[in-house]
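Participant: below is the sequence, then the predicted model.
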Amino acid sequence: PIILSQSTFKHKDSLKYPFEERGLQFGDGIYEVIRIYHGNYYLFQEHVDRLYRSAEAIKLNIPFEKEELSRLLLELIKRNKMTSDGKLYLQVTRGSAPRDHVFPKGVTANLYAYIEDLPRNLEALENGVKTISIRDSRWENCYIKSLNLLPNVLAKQEASEQGCYEAVLHKDGVVTECSSSNIYLVKDGKIYTHPATKNILHGCVRMAVEKFAKDLNIPFIEESFTLDDIPSADEMFLSSSTSEITPVIQVDDIVIADGKPGEITEKLQEAYVKDAK
Ligand code: PDD
C-alpha cells in the first residue's frame, strides 16, 4: 500500500516516526476518517472542512491549503488503484520536537494519510446493534476531532466486553453521542438528537441524516433526549462514516420497541445508499 506522508507518496513500511512526536507524547493533533465507496470518497468536502475547523480550534497550521490537500488525497486513491469500499485515515499533529507542553517554534505539522478496504457491515445494518450506556466523562470540546480518544476507547472497550457494538454516552442522563458515532431517538414520527454544540462531534453523516430527513419530510429536531426517554422510544439509530446509519435495538437491558430496526431508520438507510452511490 502507498500512503501519503506530508506531500510525498511512500510505501507504507517506509514511514518512520520519531519518538519525540507531539501526537504520540501529548495527543496533540487531529484526525479524520472518510468513507470510500467503489474508490470514491463520500462526504469529502464536509470532512476536509471539518479537518480545517479542528485545526483552527487547536491553533494548528496544516502545511497545505485545502485545495492542495484535497488533490493529494484524491491522488492517494489513484496511486493505490483502489476501486473497492474502504476508508481513509488522516492525522495531523503539531510535529516533532523535544518534549515541552508549550508549542514548539518553527516546527512543521506532521501529516499522514492511508486508505484501506472496509466492507459495509451488512449484518449490523440489517439487524441493528446492542449498546450500553456510560457516563460521558470527556472534555468540553468534543466538536474538535482530536487525537485524545482515551475516554472513547475505554467506553468502546466496555461495550465490547459486554458483547455490545457501541457505548451511548450521557451527561447526567442527557444523551450526547456514542464513543465513535452520533445517536438519534425516534418518537411519534420525529427524530431527536443532541444539538451540535461543543459537547458532540458534528458528524458528517449527521449532516447527511438531517438532509435526508428534510427530503423525506421527517422532522429533525436538535433537542437532546435523556436515558429516561429510551424505554418509550419508537426507534433508535446511530451514524458515522464507518457505521453509516445503523439501527440500535437495545440500550443496556432496554429493548427498543419490538427489537427490530424501525421504519424511519430504514427509510434513512435507503436515502443513504442512494446518496453514497
Ligand atoms: N468517528 N462522534 C464521534 C465521537 C466520532 O468519533 C465520530 C466518527 C462521529 C461521527 O462522525 P462522522 O459522521 O463524521 O463519521 C461522531 C470516526 C468514524 C472514528 O473515530 O473512527
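Facilitator: The structure has been received and is ready for your questions.
Participant: the stretch 1-150 of the chain: strands as residue ranges?
Facilitator: Remark: strands assigned in the stretch 1-150 of the chain by DSSP state E, counting those that start in this stretch are 2-5, 8-11, 29-37, 40-41, 86-93, 110-117, 129-135.
Participant: the ones you listed: which one's closest to the ligand?
Facilitator: With C-beta to the nearest ligand atom as the measure, strand 29-37 is the member of these nearest the ligand (4.0 Å). In this view, the C-beta of every residue, glycine as well, is placed from N, C-alpha and C.
Participant: now the strands of the stretch 1-150 of the chain as a markdown table including mean neighbour count, mean pLDDT and distance to residue 256?
Facilitator: What follows is those, written out as a markdown table (neighbours: other C-beta atoms under 10 Å; pLDDT from 0 to 100; distance: least, C-beta to C-beta, whole Å):
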| stretch | mean neighbour count | mean pLDDT | distance to residue 256 |
| --- | --- | --- | --- |
| strand 2-5 | 19 | 97 | 40 |
| strand 8-11 | 12 | 96 | 46 |
| strand 29-37 | 21 | 98 | 25 |
| strand 40-41 | 18 | 98 | 32 |
| strand 86-93 | 21 | 98 | 28 |
| strand 110-117 | 19 | 98 | 31 |
| strand 129-135 | 20 | 98 | 10 |
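Participant: need those strands in TSV with distance to the ligand, can you?
Facilitator: Formatted as TSV, the strands of the stretch 1-150 of the chain follow (distance: least, C-beta to the nearest ligand atom, whole Å):
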stretch	distance to the ligand
strand 2-5	17
strand 8-11	23
strand 29-37	4
strand 40-41	12
strand 86-93	8
strand 110-117	12
strand 129-135	13
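Participant: got a markdown table for those, with distance to residue 270 too?
Facilitator: Formatted as a markdown table, these follow (distance: least, C-beta to C-beta, whole Å):
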| stretch | distance to residue 270 |
| --- | --- |
| strand 2-5 | 34 |
| strand 8-11 | 37 |
| strand 29-37 | 15 |
| strand 40-41 | 19 |
| strand 86-93 | 22 |
| strand 110-117 | 24 |
| strand 129-135 | 19 |
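Participant: nearest approach to residue 99 belongs to which of these?
Facilitator: Among the strands of the stretch 1-150 of the chain, the nearest to residue 99 by C-beta to C-beta is strand 86-93 (13.1 Å).
Participant: mind listing residues that contact the closest one?
Facilitator: 4, 21-24, 28-36, 41, 51, 55, 60, 62, 73, 76, 109-118, 147, 241-242 (C-beta atoms under 8 Å, 6 or more residues apart in numbering).
Participant: quick check: closest non-adjacent residue to the residue positioned nearest the centre of the chain.
Facilitator: Ranked by distance to the mean C-alpha position of the chain (C-alpha atoms, centre = their mean), the top residue is residue 240 at 4.9 Å. Spatially, and ignoring its direct neighbours in sequence, residue 240 is nearest to residue 181 (3.8 Å; C-beta to C-beta, 6 or more residues apart in numbering).
Participant: residues in contact with the one you found?
Facilitator: Residues near residue 181 by C-beta under 8 Å, 6+ apart: 166, 203, 238, 239, 240, 243, 246.
Participant: SS state for the third one?
Facilitator: This points to residue 238. Under DSSP: H, G, I helix; E, B strand; the rest coil, residue 238 falls in the strand class.
Participant: tell me the contacts of it?
Facilitator: Counted by C-beta under 8 Å, 6+ apart, residue 238 has contacts 129, 131, 166, 178, 181, 182, 183, 184, 245, 246, 248.
Participant: in strands, which of those fall?
Facilitator: Of the contacts of residue 238, the ones assigned to strands by DSSP state E are 129, 131, 166, 178, 182, 183, 184, 245, 246, 248.
Participant: quick check, nearest of these to the ligand?
Facilitator: For the ones in strands among the contacts of residue 238, the closest approach to the ligand (C-beta to the nearest ligand atom) belongs to residue 182, at 4.7 Å.
Participant: give me the neighbour count for the closest one.
Facilitator: 24 (other C-beta atoms under 10 Å).
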